[in-house]
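1. I would like to see how this sequence folds:
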Amino acid sequence: MRASLAAALMLVGASAVFVESAATEIPRQQRTLSGLKAAVEILRDRWGVPHIYAQNTDDLFFAQGYITANDRLFQLDLWRRIGTGKLAEVLGPNYVPRDRIARLMRYRGDWDAEWRSYAPDAKVIVSSFVDGINAYIRSLNGQRPEEFQLAGFDPGLWTPEDVVSRVAGLQMTGNMLQEVNRAVQVSHLGLSAVELLSPPDPPVPFVVPHGLDLADISFGVVRDYMAAIGPIRFPGQQGSNNWVIDGTLSRTGKPLLANDPHRAIQLPSLRKTVHLVAPGWDVIGAGEPALPGIALGHNEYMAFGFTIVGIDQQDLYVEKVNPENPNEYLCKGAWQKFRVEHETIDVRGGGANSAGSNKAESEPFDLKFTVHGPVIYEDATRHRAYTLKWVGSLPGTAGYLPALSLAQAKNWDEFKAAAANYKVP
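-> Alright, predicted model coming up:
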C-alpha cells in the first residue's frame, strides 16, 4: 500500500522531520523538531489523507497531533477556545454567553478518575497528541498562518485538559430544552392536549414536583442556553444510521459497515481522516480533529461506527432562592449557600473605552453551583435559579474519547467492554 501513496513525510530520529514527495506537485521539505523517540513515517495518499507509521505509541500520537495542526490549526484553535470558554478574547463580546456556559460545564471532578475512565493509556496518548500540536505551533516561530492574520490573533498552546472538553457532549445531548418546552406547553395547553399532539416516547408519566407551578418556569433559560451553544445546531435530528451487510452477501466474503452520523456540514469538515500504525495499532477512519485516534473506522479485526438517538442525559432543577438572601437556595428544607467561583473573561474590544480596539478587556463574573450542578439561569423576579444536572459532570464523559479503546478491540468481547465506557457521543 505504501508504494501507491502520493507523498512521504519522514520524521527521523528524535529531532528531524524529513518530507519526501513522490508527486511532482508536492515539493520536498525538511524540518526540525524535538519530541520523538524514533523515526516516524507519514505518507499522504492522493486525497491528502495522512498514513502514520511509528515504532511506538508516543510517537504515533505525537505525529498525529503535529500533522493535524499542520492541516487544521485554525479549526483546532477555535475548538480549543470553544471548549475552554475563550472565544470572546478573540471574537468579541457576543461570545461572552457562550464562554460562560463552557466554563460552567467544565469538568471539576477527580482527574485520576477521569483519565482512568478511558483507555488505560489515554492520558499518555492525549499528552503525546497535545505535544505534537504544540510542537507544530512552536515551529511557526511567531509567523501567523493566513487565517490568524485575517482574524488578528495568534494560536494558543494546548494542555491535555483542553482535549477532554464537555462541549461536544453538551451540544449533542440537549434533552433539557425538550423538557422545558414540554413544561411550558403543559402550563398553557394542559397535559392531555400536549400528550395527544406529542406522545411521550418512551411513555413515562408526566410528574410535576411538589410546589412547582409550571406557569412560573421562565423561557429565558432556553433562550440563554441556546445563545450559549449556538450557532452549532442539529435541526431535525432524530438519529443517525448504521447499515451492515453480511459477509455472505459481499464480493470479498467479509462483512461491510456503512455508517452515517448526522452532523452539520462545515468547512473544514467536523472530522479528519487518518491511518494510524504502530505496535498494537493499525486503525483507519475519521475522528474529531481535536482528539487523538479516530471515532469511527476499522482496525485489522472489526469496523465500528456510531449513531446518536434521543437519550435522557440532562435534568433541569428549578431551585427556590431565598427572597431575603439571593446567595441562598432551598435544599432539603433548609437554606444553603450557593457555591461561587470567581472568573474573568477577556473580551476583545469589549471594554467601555475600547470601541473599535482589538485590545482585550477583562470582564469579571461569578459562576454559581448548587448540590445538583451549575446554575445556568436566574429569575430574580420569581426567586428561582435553574440548575443543570447532566452526565458530563461525571468522569469519562469527554465526547468521542472512549473510541480509543474501540480502536484496539480484537474481538467481540473486547469491543463490548470498550463500548460500555461510552457515556456520551
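
2. Grab the longest helix from this protein for me.
-> Counting residues, the longest helix found in the chain (DSSP state H) is helix 57-84.

3. Remind me what it packs against, helices and strands.
-> Contacts defined by 3 or more C-beta pairs under 8 Å, 6 or more residues apart in numbering; DSSP states H and E place helix 57-84 against strand 7-12, strand 40-44, strand 50-53, helix 96-104, helix 122-139, helix 146-151, helix 160-163, strand 272-278. The way it works is simple: take the backbone N, C-alpha and C, and place the C-beta from them, glycine included.

4. Between the ones you listed, which one is closest to residue 416.
-> Nearest to residue 416, of all the helices and strands packed on helix 57-84, is helix 122-139, at 18.8 Å by C-beta to C-beta.

5. before we move on, back to that, the longest helix of the chain vs strand 272-278, what angle?
-> Relative orientation of helix 57-84 versus strand 272-278 (axes from the mean of the first three to the mean of the last three C-alpha atoms, to 10 degrees): 150 degrees.

6. what's in contact with the following helix or strand past helix 57-84?
-> Next along the chain after helix 57-84, taking DSSP states H and E as the criterion, comes helix 88-91. The contact list for helix 88-91 (C-beta atoms under 8 Å, 6 or more residues apart in numbering) reads 81, 94-96, 98-99, 151-153, 345-348, 350, 360, 363.

7. Quick check on the residues you listed: which are buried?
-> 81, 95, 96, 98, 99, 153, 345, 347, 348, 350, 360, 363 (16 or more other C-beta atoms under 10 Å).

8. what's the spacing between the first one and residue 285?
-> From residue 81 across to residue 285, the span is 26 Å (C-beta to C-beta, to the nearest Å).

9. surely residue 346 meets residue 365?
-> No. Counting by C-beta atoms under 8 Å, residue 346 sits too far from residue 365 to count as a contact (11.8 Å).

10. what about the helices in the protein?
-> Taking DSSP H as the test, the helices found in the chain are 57-84, 88-91, 96-104, 111-116, 122-139, 146-151, 160-163, 167-172, 175-189, 191-197, 220-229, 403-406, 412-419.

11. Now for the contacts of helix 88-91: which two are most distant?
-> Farthest pair in the contacts of helix 88-91 (C-beta to C-beta) is 151 and 363. Separation: 20.3 Å.

12. what's the closest non-adjacent residue to residue 407?
-> Closest residue in space to residue 407, ignoring its immediate chain neighbours: residue 283 at 4.4 Å, by C-beta to C-beta, 6 or more residues apart in numbering.

13. quick one, what contacts that neighbour?
-> Residue 283 is in contact with 275, 276, 293, 294, 297, 298, 299, 407, 408, counting by C-beta under 8 Å, 6+ apart.

14. Tell me the spacing between the residue of the chain most remote from its centre and residue 332.
-> Using C-alpha atoms, centre = their mean, the residue of the chain lying farthest from its centre is residue 324. It sits 40.0 Å away. Noted for residue 324: a distance of 19 Å to residue 332, by C-beta to C-beta.

15. Let me see the ranges of the strands in the stretch 301-425 of the chain.
-> For the stretch 301-425 of the chain, the strands defined by DSSP state E, counting those that start in this stretch occupy 303-304, 314-322, 325-331, 334-337, 339-348, 360-370, 373-379, 384-390.

16. Of all those, which one is nearest residue 163?
-> Between residue 163 and the strands of the stretch 301-425 of the chain, the tightest spacing by C-beta to C-beta is seen for strand 384-390, at 19.6 Å.

17. Quickly run through the sheet partners of the closest one, with directions.
-> strand 314-322 (antiparallel), strand 373-379 (antiparallel) (DSSP bridges).

18. pLDDT averaged over the last one, what's the number?
-> Throughout strand 373-379, pLDDT has a mean value of 91.

19. export that strand as PDB, just CAs?
-> Extracted C-alpha coordinates of strand 373-379, given in PDB (Å, rounded to 0.1, in the frame of the first residue of the first chain):
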ATOM      1  CA  GLY A 373     -24.900  21.300  39.400                       C
ATOM      2  CA  PRO A 374     -24.200  24.600  37.700                       C
ATOM      3  CA  VAL A 375     -26.700  27.400  37.700                       C
ATOM      4  CA  ILE A 376     -27.400  28.300  34.100                       C
ATOM      5  CA  TYR A 377     -30.200  30.900  34.600                       C
ATOM      6  CA  GLU A 378     -31.500  33.000  37.400                       C
ATOM      7  CA  ASP A 379     -35.100  34.500  37.500                       C
END
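
20. Now tell me what touches that strand from outside.
-> Residues contacting strand 373-379 (C-beta under 8 Å, 6+ apart): 101, 104-105, 218, 220-221, 224-225, 317, 319, 321, 338, 367-369, 384-390, 393.

21. What of stretch 304-316?
-> Outside stretch 304-316, the residues that touch it by C-beta under 8 Å, 6+ apart are 169, 172-176, 179-180, 201, 221, 237-242, 257, 259, 261-262, 295-298, 372, 386-392, 403, 406-407, 409, 415, 422, 424-425.

22. for stretch 210-217, same thing?
-> With contact meaning C-beta under 8 Å, 6+ apart, stretch 210-217 is reached by 180, 183, 184, 186, 187, 208, 318, 320, 382, 384.

23. So which bits of that stretch are buried?
-> Buried residues in stretch 210-217, counted by 16+ other C-beta under 10 Å: 214, 217.

24. Quick one: end-to-end length of that stretch, please.
-> 14 Å (C-alpha to C-alpha, to the nearest Å).

25. Over to stretch 369-377?
-> Distance between the boundary residues of stretch 369-377 (C-alpha to C-alpha) amounts to 11 Å.

26. And stretch 42-49, by the same measure?
-> End-to-end span of stretch 42-49 (C-alpha to C-alpha): 10 Å.

27. Repeat that for stretch 390-398.
-> 13 Å.

28. what comes into contact with that stretch?
-> Here stretch 390-398 makes contact (C-beta under 8 Å, 6+ apart) with 105, 107-110, 113-114, 116-118, 163-166, 168-170, 173, 176, 313-315, 373, 402, 421, 423-424.

29. in this protein, which helix or strand is least confident?
-> strand 16-21 (a mean of 45; mean pLDDT, DSSP states H and E).
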